[in-house]
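In: no FASTA, just this:
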């Protein structure tokens, strides 16, 4: 198919327009979306923080849709409609786009206090982002900005990956989402309860979370001390003036290398002193020559003038020496502060490394003990889990090994008396108060997987 009118670019280079970040369509309004929270939810699915981090990468550019009913003057649900006609049964999507998540939108985690179905307050960690709604085109979109609406995300079914597992604490089955692409963010009506209780679309409520760490504090303090030292050597600025300049140069902290200062102040003072002495000597020479030419009655007054000049010259000689001593003291004090701050930073960094290493050892031990419980699997069967155990949680390891047991059709109905002594030594049985159930939790997980699949 050819276009009725052709338009071909010429050789001239395009002339780009230098738009600013805030040069956007005025008929749009910025909004904030609480997408979903981490952990279990009431539609019996589970999203770990690691999975949420990957899903967050698919948020930018996602459409914000809704199904608005004029007769209700409010949004409805996801707007899926089943139609039966002479052609059979087919499904229609009734939602339409009302906005989008910008390609450069901020995405972050933030904790909120929710109220569950029983009226209890519970803290949940949400994935949050920002978007834009076409409020100038759709009055119902403006109502979302004015009063806020519930929100429910939609996942792309073709890329959804996960598995079923049983929570050993409450015995409930949950679909563990391993990977998913967020295809839409759907605005819901006030009378529609979202899967994630606090999920919503509202006017902007928060600013981008601050990224401030101990390392930032150290660099800020170091930069302040460097500037104090630099200006102290020059003898120009006060501490108060330096503090004001630090605020203006805060962005330089990240990239500015640590400068090496050489204490050349004494040499500089000596050179200036020599120049001043040479000038003074020249002046004295001129006075002496004039004195020879002047009448004798003016000799006494000229002597007094020469004495005054000599006294001023002595005072000038003293001043550089005092400035030099004062600068040396300031330099020594700043150097002491810097060394103390560097030592404190090194100690905190070492402590943090020790805590991280201790945490990893504890987690590794727990994971090794869990893997050892699956004694019926060979090392080859468990190789992938063992090699990547640092990346998996305990729940992930248990689920993966349980699935392997199911696929290998391992039979768990064998009489306990037929187990070897070695097997009994490896397996840890968790018995209840009535001593009726001695089946390990991981066996229950495998049996649940068998039933589900």
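Out: Received it, and whenever you're ready, just let me know what you need. Remember, it's a predicted structure, so these values are computed and weren't measured experimentally.

In: rest of the way, CA atoms for contacts and neighbours
Out: OK.

In: Domains in the chain, by residue range?
Out: 29-202, 214-351, 374-452 (automatic domain parsing).

In: can you give me the end-to-end distance of the longest one?
Out: Okay, so that is domain 29-202. By CA to CA, to the nearest Å, the extent of domain 29-202 from end to end equals 11 Å.

In: shaky segments in this structure?
Out: 1-3, 10-11, 82-84, 90, 207-326, 411-453 (pLDDT under 70).

In: Go through it and flag its longest strand.
Out: The strand that spans the most residues within the chain, counting by DSSP state E, is strand 121-133.

In: Within the sheet, what are the partner strands of that strand, with directions?
Out: strand 29-37 (antiparallel), strand 96-100 (antiparallel), strand 107-115 (antiparallel) (DSSP bridges).

In: closest to residue 6 out of these?
Out: strand 96-100 (31.8 Å; CA to CA).

In: List of residues touching that closest one?
Out: 61-67, 131-134, 138, 141 (CA atoms under 8 Å, 6 or more residues apart in numbering).

In: Selecting buried members of the residues you listed in PyMOL, what would you type?
Out: Buried residues within the contacts of strand 96-100, by 16 or more other CA atoms under 10 Å, are selected in PyMOL with:
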select buried, resi 61+62+63+64+65+66+67+131+132+133+134+141
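
In: List the buried residues for the longest strand of the chain?
Out: Quick answer for strand 121-133 (16+ other CA under 10 Å): 124-133.

In: could you dump the contacts of strand 96-100 to CSV with distance to residue 354?
Out: As requested, the contacts of strand 96-100 are arranged in CSV below (distance: CA to CA, whole Å):
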residue, distance to residue 354
61, 41
62, 42
63, 45
64, 45
65, 48
66, 50
67, 54
131, 41
132, 45
133, 48
134, 51
138, 56
141, 52
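
In: on that earlier part again, residues touching the longest strand of the chain, excluding its own?
Out: 28-38, 52, 56, 64, 98-102, 105-116, 141-142, 204.

In: and if we set it to 7 Å?
Out: 28-38, 98-102, 105-116, 141 (CA atoms under 7 Å, 6 or more residues apart in numbering).

In: repeat for stretch 15-35
Out: Residues contacting stretch 15-35 (CA under 7 Å, 6+ apart): 126-136, 145, 153, 199-205.

In: Would you map the helices across the protein?
Out: 49-56, 139-147, 214-234, 239-248, 265-293, 299-373, 379-387, 394-407, 421-426, 441-452 (DSSP state H).

In: Which residues are in contact with residue 192?
Out: 76-77.

In: so how far is residue 75 from it?
Out: Counting by CA to CA, the gap from residue 192 to residue 75 is 9 Å.

In: follow-up on the earlier one: possible to save the buried residues of strand 121-133 as CSV with distance to residue 173?
Out: Listed next are the buried residues of strand 121-133 as CSV, based on distance: CA to CA, whole Å:
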residue, distance to residue 173
124, 20
125, 22
126, 22
127, 24
128, 27
129, 30
130, 33
131, 34
132, 37
133, 37
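
In: so which of the residues you listed comes closest to residue 365?
Out: Distances from residue 365 to these, taken by CA to CA, are shortest for residue 125, at 27.7 Å.

In: how close does the closest one get to residue 94?
Out: 31 Å.

In: again with residue 367
Out: Distance from residue 367 to residue 94, by CA to CA: 47 Å.

In: so how many other residues sit close to residue 189?
Out: 24 (other CA atoms under 10 Å).

In: Hmm, it is touching residue 75, no?
Out: Yes. The criterion here is CA atoms under 7 Å, and residue 189 meets it with residue 75 at 4.2 Å.

In: still on that earlier bit, among the strands paired with strand 121-133, which is the most enclosed?
Out: For the strands paired with strand 121-133, the largest average neighbour count (mean count of other CA atoms under 10 Å) is found in strand 29-37, namely a mean of 23.

In: List the contacts of residue 45.
Out: Contacts of residue 45 by CA under 7 Å, 6+ apart are 174-176.

In: What about residue 407, how many residues nearby?
Out: Residue 407: 11 neighbours (other CA under 10 Å).

In: and the gap between it and residue 401?
Out: Taking CA to CA, one finds residue 407 at 10 Å from residue 401.

In: ditto for residue 352
Out: Counting by CA to CA, the gap from residue 352 to residue 401 is 33 Å.

In: how close does residue 183 get to residue 401?
Out: Taking CA to CA, one finds residue 183 at 31 Å from residue 401.

In: Next: residue 354.
Out: 31 Å.

In: Comparing these two, which residue is more hemmed in?
Out: residue 401 (21 against 12).

In: mind listing what that one touches?
Out: Contacts of residue 401 by CA under 7 Å, 6+ apart: none found.

In: switch the cut-off to 8 Å
Out: Contacts here follow CA under 8 Å, 6+ apart; on that basis residue 401 touches 371, 374, 382, 385.

In: my guess is the last one meets residue 398, correct?
Out: No. Under the criterion of CA atoms under 8 Å, residue 385 lies out of contact with residue 398, with a separation of 9.7 Å.

In: more neighbours, the two?
Out: Using other CA under 10 Å as the criterion, residue 385 and residue 398 rank with residue 398 on top: 23 against 20.

In: Neighbours of residue 387, how many?
Out: 9.

In: Could you check how far it is from residue 25?
Out: 51 Å.

In: and if you look at residue 58?
Out: Look at residue 58 and residue 25: by CA to CA, they are 24 Å apart.

In: higher neighbour count, the two?
Out: residue 58 (13 against 9).

In: That one contacts residue 184, correct?
Out: No. If you go by CA under 8 Å, residue 58 and residue 184 don't touch, sitting 10.2 Å apart.

In: May I have the distance across stretch 152-171, first residue to last?
Out: Stretch 152-171: ends 26 Å apart by CA to CA.
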